[in-house]
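Colleague: model the following, please.
(one chain, ligands or ions: 1)
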Amino acid sequence: MKIGIAADHGGYELKEIIHSYLLSLNYDVKDFGAFEIDYADDYPDFIIPLAKALVNKEVDRAIAICGSGVGASVAANKVSGVRAALINDHFSAHQGVEDDNLNMLCLGGRVTGYMAAQELIVAFLNARFTEAERHVRRLRKVQELEK
Ligand code: RB5
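Modeller: Modelled structure (predicted):
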């Protein structure tokens, strides 16, 4: 599975830790930056390219990080086909995939510690959409908005 990651300055440190962690788990990782801390950078400049790569199937899943995770999720969800959510708990990290076909995990680099982030990532990456009829039906209603 190929994983895309991106962060602004608020998420840079956590992204670097997560990058190494994903490599240690033998994931193929594509890093969309930032590649250094620049306190003047803007999260859409990294998160939107990641979101587009996800929709274009250049990556299978995505992890986006800003200071709170809020801006990353707001920006990513503007790209049609992205289902991004700011996640802070283990249940939502896998249930979001199982029920809602979540394809982008957003984290707050200034909020979530790196060990907790790693556990959230494992739950997210190991989860699969159940394709249960009721979930497909609900997702279709969401996807209607993208037309
Ligand atoms: C940047 O300082 C900060 O606003 C950004 O990383 C993020 O938290 C926005 O939601």
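Colleague: would you mind listing what in this structure touches the ligand?
Modeller: Within reach of the ligand by CB under 6 Å from any ligand atom, the chain has these residues: D8, G10, Y43, C66, G67, S68, V70, G71. Bear in mind the C-beta positions are built from the backbone N, C-alpha and C, glycine included.
Colleague: list the contacts of the fourth one.
Modeller: Taking CB atoms under 8 Å, 6 or more residues apart in numbering as the contact definition, C66 lies against A7, D8, G10, G11, Y43, I47, A72, C106, G108, G109.
Colleague: those in strands, which ones?
Modeller: A7, C106, G108 (DSSP state E).
Colleague: chain neighbours aside, what residue packs nearest to the last one?
Modeller: Excluding its sequence neighbours, the residue lying closest to G108 (CB to CB, 6 or more residues apart in numbering) is G69, at 3.8 Å.
Colleague: wait, that neighbour touches A84, no?
Modeller: No: counting by CB atoms under 8 Å, G69 does not reach A84; the two are 9.5 Å apart.
Colleague: which residue ranges form the helices in this structure?
Modeller: 12-24, 44-55, 70-76, 90-100, 114-126, 133-143 (DSSP state H).
Colleague: closest one to I3 among those helices?
Modeller: I3 lies closest, by CB to CB, to one member of these: helix 12-24, at 5.6 Å.
Colleague: got the contact list for the nearest residue to Q95 once chain neighbours are set aside?
Modeller: Taking CB to CB, 6+ apart, and ignoring the residues beside it in sequence, Q95 has A127 as its nearest neighbour in space, at 7.7 Å. The contact partners of A127, by CB under 8 Å, 6+ apart, come to A93, H94, Q95, G96, V97, E98.
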